[in-house]
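Peer 1: Coordinates for the following, if possible.
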Amino acid sequence: MVDYEQKPRYDISDLREIMKLLRSPGGCPWDKEQNHTSIRNDFLEEAYEAVEAIDLLNMDMLREELGDVLLQVVFHSTLAEEEQAFNFDDVCDEVCKKLIIRHPHVFGDVKAEDTATVLNNWDAIKAETKGQETYTDTLEAVAKSLPALSRAQKVGKRAAKAGMDFSNPEDAFDCVRAERAELQAAMAEGNTAEIEEELGDLLFSCVNTARHLGIDAEQALTRATNKFIKRFAATEQRVLADGKTMPELNLAELDVYWEEAKESERHNGNA
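Peer 2: Now for the predicted structure:
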């Protein structure tokens with residue numbers, strides 16, 4: 001058993017010490033076995049759970065999930081300290097310096113009267129400090145670990161700053177129509193690799209259209225997926241209420257229940 005003082009309230013120094021104790025010889029077997037790669041997905045999961053708390057506007061949940069995100073930061077920092085790469089203080093130092101450098105209108109003598117100017121300055125300073133000399137560099141700097149829709153939208157936004165973009169939403173949507181036709185042609189040929197490529201092009205063009213409409217593609221698809229689940233549940237409830245199960249019905253029969261569920265949503269103002 002590790003000897004540690006029980007307190008009515010803890011702070012960041014306690015969290016750092018607890019993490020070190022968990023990694024110590026007398027600590028937790030699981031924690032001692034972990035490395036940056038093994039807990040990579042944990043970091044993603046905790047971040048997504050924090051985002052879910054934000055979406056739900058649940059402050060109790062958000063407090064808890066932010067703690068889990070912070071734990072991941074401390075965990076990775078502890079691992080790095082053991083490797084003599086950096087420590088938690090170095091992480092804090094670097095982000096503070098970054099904030100000061102990227103806010104010259106607050107900590108320097110640069111004038112920025114509106115958000116647009118602030119963001120332009122931020123991008124310019126970011127490109128300079130990260131050694132991004134070309135527009136291609138800025139596109140390649142977008143994290144490859146981002147969800148595909150989010151990454152595509154961010155890449156498109158950065159490409160637009162180089163003038164590589166559609167003039168308006170309708171032009172962007174024309175590209176959707178063109179890519180749809182190319183996908184249909186690929187499907188007729190039956191070439192799996194070509195079908196995948198054309199489907200990717202179609203999705204990318206949809207993301208560009210979303211960007212021009214001021215819509216977050218990732219959020220739009222999330223909402224569509226949630227709507228599908230809700231409507232699926234309503235459909236299944238209707239099927240079960242008739243003493244049946246979904247697998248025993250054909251698609252045409254299921255569509256009848258689906259349309260009933262859809263109509264009910266419209267009647268209740270939820271469509």
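
Peer 1: Give the next helix or strand downstream of whichever strand or helix holds Arg151.
Peer 2: Taking DSSP states H and E as the criterion, the element that holds Arg151 is helix 148-160. For helix 148-160, the succeeding helix or strand toward the C-terminus, using DSSP H and E, is helix 169-189.

Peer 1: can you list the residues that contact that next one?
Peer 2: Contacts of helix 169-189 with the rest of the structure, by C-beta atoms under 8 Å, 6 or more residues apart in numbering, involve 166, 194-195, 197-199, 201-202, 204-206, 208-209, 211-213. All C-beta spots, glycine's among them, are computed from the backbone N, C-alpha and C.

Peer 1: Check stretch 53-63 too.
Peer 2: For stretch 53-63, the external contacting residues (C-beta under 8 Å, 6+ apart) are 50, 52, 64-65.

Peer 1: Only alpha carbons, please: show it as CSV.
Peer 2: Extracted as CSV, the C-alpha positions of stretch 53-63 are listed here (Å, rounded to 0.1, in the frame of the first residue of the first chain):
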residue,chain,number,x,y,z
ALA,A,53,-20.5,16.9,-22.0
ILE,A,54,-20.2,20.3,-23.8
ASP,A,55,-22.9,19.3,-26.3
LEU,A,56,-25.2,18.2,-23.5
LEU,A,57,-24.4,21.4,-21.5
ASN,A,58,-23.9,19.2,-18.5
MET,A,59,-21.5,21.0,-16.2
ASP,A,60,-21.1,18.2,-13.7
MET,A,61,-20.2,15.8,-16.5
LEU,A,62,-17.9,18.4,-18.1
ARG,A,63,-16.0,18.9,-14.8
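
Peer 1: So which residues of this structure form helices?
Peer 2: When assigned using DSSP state H, the helices of the chain occupy the ranges 12-23, 29-33, 40-56, 59-82, 88-101, 104-107, 115-129, 135-140, 148-160, 169-189, 192-212, 217-241, 251-267.

Peer 1: can you put those helices in CSV and add mean pLDDT and distance to Val2?
Peer 2: Listed next are the helices of the chain as CSV, based on pLDDT from 0 to 100; distance: least, C-beta to C-beta, whole Å:
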stretch, mean pLDDT, distance to Val2
helix 12-23, 96, 5
helix 29-33, 96, 12
helix 40-56, 94, 22
helix 59-82, 98, 15
helix 88-101, 96, 20
helix 104-107, 92, 42
helix 115-129, 87, 42
helix 135-140, 92, 45
helix 148-160, 95, 41
helix 169-189, 97, 58
helix 192-212, 97, 50
helix 217-241, 95, 42
helix 251-267, 93, 54
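
Peer 1: In JSON lines: those helices, plus distance to Gln6 and mean neighbour count.
Peer 2: Compiled in JSON lines, the helices of the chain are given as follows (distance: least, C-beta to C-beta, whole Å; neighbours: other C-beta atoms under 10 Å):
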{"stretch": "helix 12-23", "distance to Gln6": "11", "mean neighbour count": "15"}
{"stretch": "helix 29-33", "distance to Gln6": "20", "mean neighbour count": "10"}
{"stretch": "helix 40-56", "distance to Gln6": "25", "mean neighbour count": "14"}
{"stretch": "helix 59-82", "distance to Gln6": "18", "mean neighbour count": "16"}
{"stretch": "helix 88-101", "distance to Gln6": "23", "mean neighbour count": "12"}
{"stretch": "helix 104-107", "distance to Gln6": "41", "mean neighbour count": "13"}
{"stretch": "helix 115-129", "distance to Gln6": "44", "mean neighbour count": "13"}
{"stretch": "helix 135-140", "distance to Gln6": "50", "mean neighbour count": "15"}
{"stretch": "helix 148-160", "distance to Gln6": "42", "mean neighbour count": "18"}
{"stretch": "helix 169-189", "distance to Gln6": "59", "mean neighbour count": "15"}
{"stretch": "helix 192-212", "distance to Gln6": "51", "mean neighbour count": "18"}
{"stretch": "helix 217-241", "distance to Gln6": "41", "mean neighbour count": "14"}
{"stretch": "helix 251-267", "distance to Gln6": "52", "mean neighbour count": "13"}
